[in-house]
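okay, sequence plus prediction incoming.
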Amino acid sequence: MFRRTAGWFLLLLLVLGFPALALAQTAPSADTQARLNALEQAVHQQQAATASAQMSGDNAWMLTSSALVLLMTGPGLALFYGGLVRRKNILGTMMQSFAMMGLVTILWALVGYSLAFGHGNLFLGGFEHVFLRGVGLAPNPDYGPTVPEQTYMIYQLMFAIITPALIMGAVAERVKFSSMAVFLSLWSLVVYCPMAHMVWGVGGLFNSAGAHIPSFDFAGGTVVHITSGVSALVFALYIGKRIGYPQTAMPPHSMVLSFIGACLLWVGWFGFNAGSAVAANGLATSAFVNTHFATATAALGWTIFEWVHNGKPTALGAISGAVAGLVAITPASGFVAPMSALAIGLIAGFFCSFMVFKVKSIFGYDDSLDAFGVHGAGGTLGALLTGVFATCAINPAYGAGKPTGWIDGNPHQMLNQLAAVGVSWGLAIVGTLVLLFLVDKTMGLRVAPEDEIAGLDLSQHGEEGYALD
């Protein structure tokens with residue numbers, strides 16, 4: 001009886017004690033728990049350090065790109081345009097680029113950034129960022145999840161600076177400085193900001209991340225080059241030819257300055273295109289490589305065309321071709337493969353040289369420095385060829401494995417590209433005509449004949465670029 005009772009008692013202890021024993025065996029000791037906590041904390045710290053390193057690297061690249069794009073305006077464009085005009089107009093021409101560096105900066109800070117990148121409608125941003133309200137050091141996931149929004153803001157400012165400055169190449173040597181300053185300031189708000197919002201802004205009509213008419217423009221084929229180039233042509237037609245054109249020869253006064261300016265543009269354009277990845281990543285590398293490849297083949301294409309057409313290859317032709325290649329690859333730089341970039345550049349070199357040598361002579365307009373022939377024509381060509389050569393292997397804009405451009409199996413993309421090109425042309429033509437009319441009727445656009453003969457340096461600024469005496 002005793003043994004039976006003891007047996008039952010031991011069995012009861014075993015049943016009741018087994019869970020506690022199992023728990024004691026599985027529950028970590030205080031030392032083990034401390035080690036687990038420390039490991040978890042180390043993992044979190046490593047993740048935070050990785051994110052911080054990525055943000056630091058991306059931010060460093062974007063700030064560098066911002067400086068490179070500013071380099072494109074001054075000294076790049078200032079020297080390029082300045083060397084192409086006659087000696088008596090060099091300071092007046094360079095001042096036009098320099099003025100945009102100041103005026104557009106102020107407008108951008110006050111209202112421009114908000115109109116371009118604020119939340120609005122399909123065509124224009126709102127006023128949420130007026131006076132840069134809410135634009136701080138925290139990232140804005142809509143535009144750059146790994147860089148401060150102020151970095152993105154200042155980067156886009158550099159685009160807004162150079163775009164109106166490009167227009168003045170078509171009307172060089174004959175526009176009043178005061179009228180130029182007012183017209184281009186208004187143009188940046190009326191034409192540039194709406195187009196920037198439509199293509200890159202949240203909810204914009206052509207934003208490739210949206211669901212309306214997704215158009216591919218990686219770094220500004222429509223926003224920068226079509227708007228400025230078409231506006232340049234409209235301006236040239238409105239204001240008329242220079243005194244003596246085309247009977248009087250008006251060759252560049254310093255190809256050395258223009259050559260240096262073109263080389264600076266080539267270097268600065270890496271920030272323009274590769275920086276549009278808004279990160280130091282593989283897409284930036286792709287845009288960087290494509291930019292260089294297309295520029296090289298465009299310089300070759302223009303040189304060949306000119307060699308055949310005129311019998312000699314010139315430095316002016318080579319640098320003009322390089323700029324044409326930079327323009328044409330801009331919208332495609334983050335969407336195409338390197339071999340496609342070579343093709344785009346070669347086509348652009350031939351096409352833009354044809355526009356300058358043949359089309360301009362046929363119609364007889366005075367596009368002083370070929371702003372339309374290079375930027376308007378090259379930007380249009382590049383935007384359309386982007387729709388042809390874009391591939392999901394480089395940029396899966398519609399999702400992994402889904403075709404992007406025509407060669408990828410998506411010919412419909414060409415319709416989207418045509419729509420964006422058409423709106424760019426229409427906005428540039430209408431907006432420029434309205435602004436030219438208003439400024440002309442209130443201030444007058446063109447310098448007096450005697451001032452044009454004397455040159456912009458003396459008539460507009462009271463100084464000369466060269467003290468030759």
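All right, it came through fine.

contacts, neighbours, all on C-alpha from now
Noted.

could you pull up the mean pLDDT of the helix or strand containing residue 459?
Taking DSSP states H and E as the definition, one finds residue 459 inside helix 456-461. Helix 456-461 shows a mean pLDDT of 97.

okay, it in PDB with CA atoms only?
This file holds the C-alpha atoms of helix 456-461, laid out as PDB (Å, rounded to 0.1, in the frame of the first residue of the first chain):
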ATOM      1  CA  LEU A 456      26.100  95.800 -75.800                       C
ATOM      2  CA  ASP A 457      29.200  96.300 -73.600                       C
ATOM      3  CA  LEU A 458      29.300 100.000 -74.000                       C
ATOM      4  CA  SER A 459      25.600 100.800 -74.600                       C
ATOM      5  CA  GLN A 460      24.200  98.600 -71.800                       C
ATOM      6  CA  HIS A 461      27.000  98.400 -69.300                       C
END
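
packing partners of that helix?
helix 90-107 (3 or more CA pairs under 8 Å, 6 or more residues apart in numbering; DSSP states H and E).

tell me the buried residues in the helix it packs on?
Buried residues in helix 90-107, counted by 16 or more other CA atoms under 10 Å: 90-101, 103-105, 107.

now the helix holding residue 459: buried residues?
Across helix 456-461, burial judged by 16+ other CA under 10 Å covers 456-460.

just stretch 325-343 next, same as before
Per 16+ other CA under 10 Å, stretch 325-343 contains these buried residues: 325-338, 340-343.

how far away from the center of its chain is that stretch?
Relative to its chain's centre, stretch 325-343 lies at 13 Å (CA atoms, centre = their mean, to the nearest Å).

what mean pLDDT does that stretch get?
Stretch 325-343 comes out with an average pLDDT of 98.

any idea how far apart the tips of it sit?
Start and end residues of stretch 325-343 are separated by 10 Å (CA to CA, to the nearest Å).

longest helix of this protein?
Ranked by residue count and defined by DSSP state H, the top helix of the chain is helix 30-71.

grab the nearest non-local neighbour of residue 414.
Leaving out its chain neighbours, the residue that sits closest to residue 414 by CA to CA, 6 or more residues apart in numbering is residue 387, at 5.1 Å.

got it, and residue 241?
For residue 241, the spatially nearest residue (CA to CA, 6+ apart) is residue 366, at 5.2 Å.

residue 245 is in contact with that neighbour, correct?
Yes - with contact defined as CA atoms under 8 Å, residue 366 counts as touching residue 245 (7.5 Å).

wait, residue 420 sits on residue 206?
Yes - here residue 420 lies in contact with residue 206, judged by CA under 8 Å, at a distance of 6.7 Å.

pLDDT weak spots in the stretch 201-350 of the chain?
211 (pLDDT under 70).

swap the cut-off to 50 and go again
Applying pLDDT under 50 to the stretch 201-350 of the chain flags no residue at all.

show me where it has strands.
Using DSSP state E, counting those that start in this stretch, no strands are assigned anywhere in the stretch 201-350 of the chain.

what segments of it are helices?
Per DSSP state H, counting those that start in this stretch, the stretch 201-350 of the chain has helices spanning 227-239, 255-274, 282-310, 315-329, 338-354. These are given in chain order.

just send the ones you listed back as JSON lines, with distance to residue 86 too.
Output for those, formatted as JSON lines (distance: least, CA to CA, whole Å):
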{"stretch": "helix 227-239", "distance to residue 86": "18"}
{"stretch": "helix 255-274", "distance to residue 86": "11"}
{"stretch": "helix 282-310", "distance to residue 86": "22"}
{"stretch": "helix 315-329", "distance to residue 86": "15"}
{"stretch": "helix 338-354", "distance to residue 86": "22"}
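
between these, which gets nearest to residue 433?
Nearest to residue 433, of all those, is helix 227-239, at 7.1 Å by CA to CA.

in that closest one, what's buried?
Those would be 227-237, 239, for helix 227-239 by 16+ other CA under 10 Å.

related to what we said a few turns ago, and which of the buried residues of helix 456-461 is nearest to residue 128?
Taking CA to CA as the measure, residue 128 lies nearest residue 460 of those, at 38.6 Å.

can you tell me how far the closest one sits from residue 302?
Distance, residue 460 to residue 302, using CA to CA: 35 Å.

residue 174 too?
As defined by CA to CA, residue 174 lies at a distance of 28 Å from residue 302.

neighbour-wise, which of those two wins?
residue 302 (32 against 26; other CA atoms under 10 Å).

which residues does the residue lying closest to that one once chain neighbours are set aside contact?
Using CA to CA, 6+ apart and skipping the chain neighbours, the partner closest in space to residue 302 is residue 349 (4.4 Å). For residue 349, the contact set (CA atoms under 8 Å, 6 or more residues apart in numbering) comprises 297-303, 321-322, 324-325.

what of residue 94?
78-79, 81-82.

among those, which are located in helices?
Per DSSP H, the subset of the contacts of residue 94 in helices is 78-79, 81-82.

on that earlier part again, number of residues surrounding the residue nearest to residue 241?
21.

same question for the one 10 residues further on.
When neighbours are counted by other CA under 10 Å, residue 376 registers 30.

and the gap between it and residue 413?
Distance from residue 376 to residue 413, counting by CA to CA: 21 Å.

hang on, the earlier thing: the residue nearest to residue 414: what secondary structure?
helix (DSSP: H, G, I helix; E, B strand; the rest coil).

for residue 216, grab phi and psi.
Torsion angles at residue 216 (phi, psi; degrees, to the nearest 10) stand at phi -90, psi 120.

repeat for residue 145
Dihedral angles for residue 145 - degrees, to the nearest 10 - are phi -70, psi -10.

show me what contacts it?
Residue 145 makes contact with residue 139, according to CA under 8 Å, 6+ apart.

and residue 360, by the same measure?
Going by CA under 8 Å, 6+ apart, residue 360 touches 366-367, 373.

now residue 84
Neighbouring residues of residue 84 by CA under 8 Å, 6+ apart: 251-255, 258, 369.
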